[in-house]
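In: Got a predicted structure plus its sequence, pasted below:
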Amino acid sequence: MRPFVLNYVLPAESPAVTLPYTYDSALQLNVLPDGQPAIVDRDLILVTGTTTSTAGSKTHFDD
Amino acid sequence: MTVLILTCRQDVTADMVIAKLHDRGVPLVRLDPADLPGEAALSAEYVRGDFYGHLSTDGRLLSMGALRSIWVRRPGEPAAHAEEPSAWLTAETEQALYGMLYSATARWMNHPCVSAQARCKPWQLSLAHRSGFAVPPTVITTFPRVARQFAAQYRDIVVKSASGPPPGDPPVSLPTTRIPPDTDFSGVAAGPTLLQQYVPKRADIRLTAVGTRLFAARKLSAEGQVDGRYGDTGQPWKAVDVTERIARAVRDYMSLAGLAYAAFDFAEDEEGLWWFLECNQGGQFGFIELETGLPIAEAVAGWLAPPSRDQG
């Protein structure tokens, strides 16, 4: 028998976002191609959704 | 004194805090436990009652004796990036790393043992009651008869998962879902089921607690919206004041749970009452700060950093 709550499962929305920044181990921060810290671009960070509560993160427990 | 941040490399929320620590001139080490062993290394000695421990990554060396605080943000699974990863290697690495860190005298945000209990949703409800929050009537049961009775009593109810969606490929989501009282509850016998009275809400509230500092944000709900994490309503998050009654309940909850950081979710009803939904011990805060300007990253940095000299 299928657990009751699984009757309400939906396909997850696929973010399919390519992150436009890379980790800089000297700064210990992610940086944009021009070398600036990624967090200076507020709109970009919001669009990528990487700081957002996503509900039910199984790996990191950070809803 | 050094701050240790356990998180993965892609975590830009950690970046927001690290930038503040850089501004303060606070030494820090950022480590992803997934990089241990390999890019990161450790050594700890437990000899005749003495303890010495060292951790190195990216050319930085951290002594446990110089550790001020540890922020557990989004750590990867220990040894996940090893050349030959295995469940056994993960377990061994976890013992070595966290055993060493537990032996240090640093302050934690949050201690992993505290976090493990704080993630338990049924316990959250119990703690929320004790702390003085309004909590919607809830049942977790494997008895279909009990589920039917709950639905008949409260009529307008939701079902939600306690632990999140099941893993799988393709990935699935499991939003909180409103269900009619005449639903077939026979499947309740196949797995514990969490049912809760539905709270008709006019807004979602996200309250982030950093130590004793509280930052609340409010977003208007769309009509009939149940789970605020799903569906873009087009409404922005806006900063909102915290009443003294809520502030007291949050601080009681944090104290009882032993948490240094938490993100609380509430549903605000038509009368303005905030109903406790859940408390996320590692909840995201970046989106709230970026939309509202609330200085949460600065507060986290302040909690992690050593007291400044001019504070005595």
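Out: Noted; the coordinates are in hand.
In: Pick out the residue nearest the middle of chain A.
Out: With distances taken as CA atoms, centre = their mean, A:Thr50 lies nearest the centre of chain A, 2.8 Å away.
In: So it lies in a helix, does it not?
Out: No - per DSSP: H, G, I helix; E, B strand; the rest coil, A:Thr50 lies outside any helix segment and is coil.
In: Strands along chain A, start to end?
Out: A:10-11, A:22-24, A:29-31 (DSSP state E).
In: Any idea how many residues pack against the closest residue to the residue nearest to the centre of chain A other than its chain neighbours?
Out: Excluding the flanking residues, the one nearest A:Thr50 by CB to CB, 6 or more residues apart in numbering or on different chains is B:Val12, at 5.3 Å. Where you see a C-beta, it was placed from the backbone N, CA and C, and this is true even at glycine. Using other CB atoms under 10 Å in any protein chain shown, B:Val12 is surrounded by 21 other residues.
In: for B:Asp265, same thing?
Out: Neighbour count of B:Asp265, defined by other CB under 10 Å: 20.
In: Okay, helices next: where are they in chain A?
Out: Along chain A, counting by DSSP state H, helices occupy A:42-48.
In: for the helix or strand of chain B with the lowest mean pLDDT, packing partners?
Out: Of all helical and strand segments in chain B, the minimum by mean pLDDT, DSSP states H and E falls on strand B:172-173, at a mean of 89. Here strand B:172-173 touches strand A:10-11, going by 3 or more CB pairs under 8 Å, 6 or more residues apart in numbering or on different chains; DSSP states H and E.
In: Give the buried residues for the least confident helix or strand in chain A by mean pLDDT.
Out: When the helices and strands of chain A are scored by mean pLDDT, DSSP H and E, helix A:42-48 comes last with a mean of 84. Residues A:44-45, A:48 are the ones in helix A:42-48 that count as buried (16 or more other CB atoms under 10 Å in any protein chain shown).
In: what does stretch B:36-52 give?
Out: For stretch B:36-52, the neighbour count (16+ other CB under 10 Å) marks B:36-37, B:40, B:42, B:44 as buried.
In: What is the neighbour count of the closest residue to B:Asp35 other than its chain neighbours?
Out: Leaving out its chain neighbours, the residue that sits closest to B:Asp35 by CB to CB, 6+ apart is B:His81, at 5.4 Å. Residues contacting B:His81 under the criterion other CB under 10 Å number 17.
In: same check, this time on B:Gln153
Out: B:Gln153: 12 surrounding residues under other CB under 10 Å.
In: The closest residue to B:Ala34 other than its chain neighbours and B:Arg178: what is the separation?
Out: Leaving aside its sequence neighbours, B:Ala34 sits nearest to B:Gly76 (CB to CB, 6+ apart; 2.9 Å). Counting by CB to CB, to the nearest Å, the gap from B:Gly76 to B:Arg178 is 36 Å.
In: who's more crowded, these two?
Out: Remark: of B:Gly76 and B:Arg178, B:Gly76 carries more neighbours, 20 against 13, as counted by other CB under 10 Å.
In: Find me the pLDDT at the residue located most distally from the centre of chain B, would you?
Out: The C-alpha centroid of chain B is most remote from B:Arg48, which lies 37.7 Å away (CA atoms, centre = their mean). Here the pLDDT value assigned to B:Arg48 is 89.
In: circling back to that earlier point, is the residue nearest to B:Ala34 in a helix, a strand, or coil?
Out: Applying three-state DSSP: B:Gly76 is coil.
In: coming back round to it: out of the buried residues of stretch B:36-52, who's nearest chain A?
Out: Using CB to the nearest CB, B:Ala40 comes nearest to chain A of these, at 11.3 Å.
In: Near the closest residue to that closest one other than its chain neighbours, how many other residues are there?
Out: Using CB to CB, 6+ apart and skipping the chain neighbours, the partner closest in space to B:Ala40 is B:Thr57 (3.9 Å). By other CB under 10 Å, the residues close to B:Thr57 number 21.
In: before we move on, what about B:Arg24?
Out: The local packing of B:Arg24 (other CB under 10 Å) involves 15 other residues.
In: isn't B:Thr292 right up against B:Ala239?
Out: Yes - contact criterion CB atoms under 8 Å: B:Thr292 and B:Ala239 qualify, at 4.5 Å.
In: which one of the strands of chain A is the most hemmed in?
Out: strand A:29-31 (a mean of 21; mean count of other CB atoms under 10 Å in any protein chain shown).
In: Who are the packing partners of that strand?
Out: Helices and strands touching strand A:29-31, by 3+ CB pairs under 8 Å, 6+ apart, are strand A:22-24, helix B:12-24.
In: how about a markdown table for the ones you listed, with distance to B:Ser161 and mean pLDDT added?
Out: Formatted as a markdown table, the helices and strands packed on strand A:29-31 follow (distance: least, CB to CB, whole Å; pLDDT from 0 to 100):
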| stretch | distance to B:Ser161 | mean pLDDT |
| --- | --- | --- |
| strand A:22-24 | 32 | 95 |
| helix B:12-24 | 24 | 97 |
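In: Format these as JSON lines; extra columns: distance to B:Cys120.
Out: Putting the helices and strands packed on strand A:29-31 into JSON lines (distance: least, CB to CB, whole Å) gives the following:
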{"stretch": "strand A:22-24", "distance to B:Cys120": "33"}
{"stretch": "helix B:12-24", "distance to B:Cys120": "24"}
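In: Just list the residues touching the closest residue in space to B:Ala209 that isn't next to it in sequence, thanks.
Out: Spatial nearest neighbour of B:Ala209, excluding adjacent residues (CB to CB, 6+ apart): B:Ala262 at 5.0 Å. Taking CB atoms under 8 Å, 6 or more residues apart in numbering or on different chains as the criterion, B:Ala262 is in contact with B:110, B:118, B:208-209, B:253-254, B:279-281, B:283.
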